[in-house]
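Chemist: Next comes the sequence, and after it the predicted model I'd like to discuss.
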Number of protein chains: 2
Amino acid sequence: MVRAGLTAERVTIAGAELADEVGLDQVTMSQVARRLGVKDASLYTHVRSLEDLRGRIALLAADEKTIRIAEATAGRAGRDALVAFANAWREYAHRHPGRYMATQTPIQIDPELAAKAPGPRRAVELTYGMLRGYGLTEPDLTDAVRLLRSTFHGFVALEAAGGFAHKRSPQHSWVRALDALHTLLEHWPPSREGDSS
Amino acid sequence: MVRAGLTAERVTIAGAELADEVGLDQVTMSQVARRLGVKDASLYTHVRSLEDLRGRIALLAADEKTIRIAEATAGRAGRDALVAFANAWREYAHRHPGRYMATQTPIQIDPELAAKAPGPRRAVELTYGMLRGYGLTEPDLTDAVRLLRSTFHGFVALEAAGGFAHKRSPQHSWVRALDALHTLLEHWPPSREGDSS
DNA sequence: AGGTTATACCTAGGAGTCCTAGGAATGCCA
DNA sequence: TGGCATTCCTAGGACTCCTAGGTATAACCT
């Protein structure tokens, strides 16, 4: 009898592959075990539960996505950086739909595990860095970061859910959205606080 | 023996309530049946499968959300309409997290059933109507609609997933995002097609 | 009212899933 | 070579989805 040589990472990767191939909710302990040539009970040595596995897939995806974005934006600034950032985000979501969907999970991720994963924190830093060139200051900066992340995520999520009719290619709308966001960042509106107009 | 008086609608509503209370993935045939005081097998008279039920919940949510938005935007125009539209969207997502999450489901909804649901189609019309005041023309109009929908959805999705750190209230960022979108719509950038700068 | 029909709801059960408990095999290191 | 930690197993309980086939009830029709 040959051991399969499992580890939490290998289980997570198998789950992530499965998620991309057949959808996140088809990722079951049994399926993952089958793919690894192992009985489902064996997985519990490496992973606490199915929930835990899904959390690990989400963190893996966050890390991978962050790395792609970092590579894509390296050495770029302004509009170039914005476009590279956004395209890397969207491409990751397209290439790894299951992994990406795992990141949408309302958080019940093991905090201890999440603390070790550099992805999420790094992603925020990257976004701030990308916006440096636009001359925004806090709290506008945080608001702009959130707006960008919302738009990127929302677009790919609607795309994945079939939320766009067929009359115009999503690609066109995507490019135009990036144009719009760029000009928006260049002319970020002042706060209307106390404005009664 | 008293009959429960079930129907596809009542099963769907029970499922939707359950989704809001305990999360969409806790919506099982057994749980819904239990809530209705019925055996799980009985539900299959009214609903084809669990997938089918989830699709019905998604359509119900789409309809409800559209109605809320229609009420909120009635008689408004310009920025007022934009803010009312967006707030109605976000409020629905907050109040009915489970239902809302069901709408994110990658489409495997019974087409025949979807054709009868007015929600999604109506929602698109409403969005176009809201943008009428901004003087956009096709294809910019479609691009703008998609950008707005992406941002609204992305924001509430990230909010629900705990994607925003605690340093600044999401509410502030939301208001600023709406400001930003409004000025963006007033100064929609021309197409850069063929622009090599 | 009584009989007929449609259907709402049931019981029974198979297959698949998550997860635990405890045992056997394997690789490592003295 | 022997001891030990760990990997992986078998066995099994509880729950889930869904089907098949039977019973009870409501609605309709004369």
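Modeler: Yep, it's here.
Chemist: Around A:Glu21, how many other residues sit close by?
Modeler: 12 (other C-beta atoms under 10 Å in any protein chain shown). (C-beta placed from N, C-alpha, C; glycine too.)
Chemist: Now find how far off-centre the helix or strand hosting it is within its chain.
Modeler: Per DSSP states H and E: A:Glu21 is located in helix A:8-22. Computed by C-alpha atoms, centre = their mean, to the nearest Å, the separation of helix A:8-22 from the middle of its chain amounts to 16 Å.
Chemist: Quick one: mean pLDDT over it.
Modeler: Mean pLDDT, computed over helix A:8-22, is 96.
Chemist: now swap in stretch A:177-188 and tell me
Modeler: pLDDT averaged over stretch A:177-188 gives 94.
Chemist: hey, C-alpha coordinates of stretch A:96-112 in PDB?
Modeler: Provided in PDB are the C-alpha atoms of stretch A:96-112 (Å, rounded to 0.1, in the frame of the first residue of the first chain):
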ATOM      1  CA  HIS A  96     -10.800  30.200 -11.900                       C
ATOM      2  CA  PRO A  97     -14.600  30.600 -11.400                       C
ATOM      3  CA  GLY A  98     -14.900  28.100  -8.600                       C
ATOM      4  CA  ARG A  99     -12.000  29.500  -6.600                       C
ATOM      5  CA  TYR A 100     -13.200  33.000  -7.200                       C
ATOM      6  CA  MET A 101     -16.700  32.200  -6.000                       C
ATOM      7  CA  ALA A 102     -15.200  30.800  -2.800                       C
ATOM      8  CA  THR A 103     -13.900  34.200  -2.000                       C
ATOM      9  CA  GLN A 104     -17.500  35.600  -2.000                       C
ATOM     10  CA  THR A 105     -18.300  33.300   1.000                       C
ATOM     11  CA  PRO A 106     -19.700  35.200   3.900                       C
ATOM     12  CA  ILE A 107     -16.700  35.000   6.300                       C
ATOM     13  CA  GLN A 108     -16.600  32.000   8.500                       C
ATOM     14  CA  ILE A 109     -12.900  31.400   7.900                       C
ATOM     15  CA  ASP A 110     -10.700  30.200  10.700                       C
ATOM     16  CA  PRO A 111      -9.200  33.500  11.900                       C
ATOM     17  CA  GLU A 112      -5.900  31.900  12.800                       C
END
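Chemist: By proximity to chain B, which residue of chain A wins?
Modeler: A:Gly154 (2.5 Å; C-beta to the nearest C-beta).
Chemist: Show me which residues of the helix holding A:Glu21 are buried.
Modeler: A:8, A:11-20 (16 or more other C-beta atoms under 10 Å in any protein chain shown).
Chemist: Give me the distance from the longest helix along chain A to the chain's centre.
Modeler: Longest helix in chain A, counting residues (DSSP state H): helix A:50-73. Remark: helix A:50-73 is offset 7 Å from the chain centroid, using C-alpha atoms, centre = their mean.
Chemist: quick one: is it near chain B?
Modeler: No: for helix A:50-73, no contact with chain B is found by C-beta under 8 Å from any C-beta of the partner chain; the gap never falls below 9.4 Å.
Chemist: ok, then the element right after that helix?
Modeler: helix A:78-95.
Chemist: same for that next one, what does it pack against?
Modeler: helix A:50-73, helix A:119-131, helix A:140-160, helix A:170-186 (3 or more C-beta pairs under 8 Å, 6 or more residues apart in numbering or on different chains; DSSP states H and E).
Chemist: so which of those helices comes closest to B:His182?
Modeler: helix A:170-186 (10.5 Å; C-beta to C-beta).
Chemist: buried residues in that closest one?
Modeler: Buried residues in helix A:170-186, counted by 16+ other C-beta under 10 Å: A:170, A:173-185.
Chemist: Just the buried residues of stretch A:40-49, please?
Modeler: Buried, per 16+ other C-beta under 10 Å, within stretch A:40-49: A:42-43, A:46-47.
Chemist: That should have said stretch A:114-129, apologies.
Modeler: A:114, A:117, A:119-120, A:122-124, A:126-127.
Chemist: ok, and which of these reach chain B?
Modeler: Near chain B, by the rule C-beta under 8 Å from any C-beta, you find A:Val124 out of these.
Chemist: Among the buried residues of stretch A:114-129, find the lowest-pLDDT one for me.
Modeler: In terms of pLDDT, the least confident member of the buried residues of stretch A:114-129 is A:Gly119, at 67.
Chemist: The helices and strands packed on helix A:78-95: which one's closest to DNA strand D?
Modeler: Evaluated over those, closeness to DNA strand D peaks at helix A:50-73, with 12.4 Å, by C-beta to the nearest atom of the strand.
Chemist: now check the closest one, is it near DNA strand C?
Modeler: Yes: Helix A:50-73 lies within reach of DNA strand C by C-beta under 7 Å from any atom of the strand, at A:50-51.
Chemist: Let me know the angle separating that helix from helix A:119-131.
Modeler: Here helix A:50-73 runs at an angle of 30 degrees relative to helix A:119-131 (axes from the mean of the first three to the mean of the last three C-alpha atoms, to 10 degrees).
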